[in-house]
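Undergrad: quick one, structure for this:
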Amino acid sequence: IILNLKQIRFIVHTDEPIKATLKVKGEKAVKAGDIKTSSDLEVVSKEAPIATLTNKKAELEMEFDIEPGLGYSPVESRKKKKIEIGKIAVDAIFSPVKRVNYSIENMRVGEKTDYDRLTFQIETDGSIMPKEAFLKAADILVNQFKVFAFLGETAKKKKISPKAKELARKTRKAALLAVRSSGEKEKKEDITKKKLNELKISLRTINALEAAGIKTIAGLIRKKEEDLEKIEGLGPKRVVEIRRVLGKMGLMIKSK
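TA: Okay, the predicted model is just below:
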């Protein structure tokens, strides 16, 4: 059962630990979809098996403590924390990316033929779309390299030539054209017409958006991130939740 529990994937819409419960009776195959959660928690792998009850009188009850994290957290690293009697600690895998591969090939941009096309193949566990994982990784990389961009006043004052700017623009355009994900196959025009209650976000978030006059997905993606954070009842944590859900649909809100 513990090995099966390790395969279950969740989406947590808060930074705080969350409890979930499982209570089933009778002869049946128990799956992750049987877990009862709050609006701040979503079970992604609903078909993941947990156990099989072979007796009509059989009962299975569990309580889960779930919290967000990064990377991999083995039980050994949490031995310092006191575990209540009756609870079993489980190795936690927080990374949503299961596999990444890349290839480089020649590419033509206009009259230039000496460019390279970098193609990524990204597989996730379903808690995040491959495109969103790629964009987040790129954002982290850019922020890390910003440290080197401001080493000294000389680097700050250095001007970029028009030729270098044009080259960067073409390269960026070519890179964006190469990014594809299965989520983009659905027409965005049809998606944006949907109401907010069709999004898999917490009821508290939907109520806050509707109170601010935002009724549809189209209206939501027209808002800037900083404007959403100012809405009463939202804040940065709720905006992260919105970005995560929209990312799965191949949509993004405007950045700050």
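Undergrad: what is the residue nearest to R108 when sequence neighbours are not counted paired to in the beta sheet?
TA: With CB to CB, 6 or more residues apart in numbering as the criterion, R108 has its nearest non-adjacent residue at 7.0 Å, and that residue is Y115. C-beta here means a position set from N, CA and C on the backbone, and glycine is covered the same way. Counting by DSSP bridges, Y115 forms beta bridges with M107.
Undergrad: how far away is the residue located most distally from the centre of the chain from E27?
TA: Computed with CA atoms, centre = their mean, the maximum C-alpha offset from the centroid of the chain is found at K57, amounting to 39.8 Å. K57 is 9 Å from E27, where distance means CB to CB, to the nearest Å.
Undergrad: tell me which helix or strand of this structure sits lowest on mean pLDDT?
TA: helix 153-157 (a mean of 50; mean pLDDT, DSSP states H and E).
Undergrad: can you pull the contacts of the spatially most central residue of the chain?
TA: With distances taken as CA atoms, centre = their mean, I128 lies nearest the centre of the chain, 3.7 Å away. Taking CB atoms under 8 Å, 6 or more residues apart in numbering, we find I128 in contact with P96, K136, R244, G247, K248.
Undergrad: now for these, which pair is the farthest apart?
TA: Spanning the widest gap among the contacts of I128 are K136 and K248, at 12.7 Å by CB to CB.
Undergrad: those two - which one has more neighbours?
TA: K248 (19 against 16; other CB atoms under 10 Å).
Undergrad: the more buried one and A32: what is the separation?
TA: Applying CB to CB to K248 and A32 gives a distance of 18 Å.
Undergrad: ok, I88 next?
TA: 17 Å.
Undergrad: higher neighbour count, the two?
TA: Comparing I88 with A32 by other CB under 10 Å, the one with more neighbours is A32, at 20 against 10.
Undergrad: ok, for the more buried one, nearest residue in space, not its chain neighbours?
TA: A48 is the one closest to A32 (CB to CB, 6+ apart), at 4.2 Å.
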